[in-house]
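J.: Next input, structure requested:
(one chain, ligands or ions: 1)
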Amino acid sequence: MKPLIDLFVDLPTWPMIRSLGIASYLMLGIGICLGILYSWPNQLPKRKLFRYKLHTFFTVGGTAVGMLHGVITVIDTYMPFDWSEVLVPFTAKHEPLLNGLGTLTVYGLLILIFTSDIRNKLKKKLWYAIHLFSYPIFAMAFVHGYFIGTDTSNEAIRWTYFATLIAVLGLTVARGIVRSAPDKKRLASRGTSSSAR
Ligand code: HEM
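T.: Just a heads-up that it's a prediction; the model follows:
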């Protein structure tokens, strides 16, 4: 029987790091889109709840997968990271800036999850202000994955990165339009009623 340590040594760590990184990035992208859809006005409560559950599943799941992806760099046999390189941003010997963005992404995600867990104890405005950091955090995940990833050389993967970005940006803009449309209507109706007075 093989010693247990051999199981780790034989693990295909590099493909694991790459595929978990892409899976995490995609889950986070889908999770953000679901968060925007969840906040859409005038939804049936059942649909809103369903979107909320999916939003939580993808963002928390994406964070867990991203953490696993980072941790596996420590047992990688080809280019192993020290724990300190993974945990302290910008201290990695290889690509310190890009790897540091990966570490900061994980910390940022953990803050988003924690503040959402204690949401009822926070002022709504504060929670929302913190939650808006999900955009720069996702941007960090994009820069980290796109510029450090071996698979970025693959055209399908490149398109996947851009499709995710376009989906997040498109939904954000659409959400902004939907939010301001009723306000404009209300203002217009107020204008007519005040001029009629
Ligand atoms: C949730 C946070 C993270 C996300 C979403 C993420 C995402 C990604 C993605 C999409 C890739 C590209 C995979 C490829 O095409 O090869 C990647 C690569 C990589 N990531 Fe992360 N990452 C995160 C956190 C971390 C952390 C904490 C570290 C450790 C410092 C790390 C280290 C690496 C390394 C070394 C690669 C290069 C793998 C290769 O050789 O291609 N990542 N990451």
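
J.: Now do the helix or strand of the chain with the lowest mean pLDDT: everything it contacts.
T.: Within the chain, no helix or strand scores below helix 4-9, which has a mean of 74 by mean pLDDT, DSSP states H and E. Residues outside helix 4-9 that contact it (C-beta atoms under 8 Å, 6 or more residues apart in numbering): 75, 77. (C-beta placed from N, C-alpha, C; glycine too.)

J.: do the following helix or strand past that helix and the ligand meet?
T.: Using DSSP states H and E, the helix or strand that follows helix 4-9 in sequence is helix 13-38. Yes. Helix 13-38 is in contact with the ligand by C-beta under 6 Å from any ligand atom, via 17-18, 21-22, 24-25, 28.

J.: Close to the ligand: what parts of this structure are there?
T.: Proximity of the chain to the ligand, by C-beta under 6 Å from any ligand atom, involves residues 17-18, 21-22, 24-25, 28, 63, 66, 69-70, 73, 81, 86, 92, 99, 102-103, 105-106, 109, 141, 144-145, 148-152.

J.: what about N42, which SS state?
T.: coil (DSSP: H, G, I helix; E, B strand; the rest coil).

J.: Find the centremost residue of this protein, please.
T.: Residue closest to the average C-alpha location in the chain (C-alpha atoms, centre = their mean): L28, at 3.4 Å.

J.: what does the model give it for pLDDT?
T.: In this model, L28 is scored at 98, pLDDT.

J.: got a list of what it touches?
T.: 58-59, 62-63, 66, 109, 138, 141.

J.: That one - nearest residue in space that isn't next to it in sequence?
T.: Closest residue to L28 apart from its sequence neighbours, by C-beta to C-beta, 6 or more residues apart in numbering: G62 at 4.0 Å.

J.: ok, now how distant is V143 from the ligand?
T.: Going from V143 to the ligand by C-beta to the nearest ligand atom, to the nearest Å gives 10 Å.

J.: so where does that residue fall, helix or strand?
T.: V143 belongs to helix 134-148, assigned by DSSP H and E.

J.: re the thing from before, for ChimeraX, what selects the buried ones among the residues of the chain next to the ligand?
T.: Of the residues of the chain next to the ligand, the buried ones can be selected in ChimeraX as follows, counting by 16 or more other C-beta atoms under 10 Å:
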select :17,18,21,22,24,25,28,63,66,69,70,73,81,86,92,99,102,103,105,106,109,141,144,145,148,149,151
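
J.: Tell me who's in contact with the residue nearest to L28.
T.: Applying C-beta under 8 Å, 6+ apart, the residues near G62 are 23-28, 30-31, 109.

J.: With distance to I177 added, can I get those residues in a markdown table?
T.: Output for the contacts of G62, formatted as a markdown table (distance: C-beta to C-beta, whole Å):
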| residue | distance to I177 |
| --- | --- |
| A23 | 32 |
| S24 | 30 |
| Y25 | 27 |
| L26 | 26 |
| M27 | 27 |
| L28 | 24 |
| I30 | 22 |
| G31 | 22 |
| L109 | 28 |
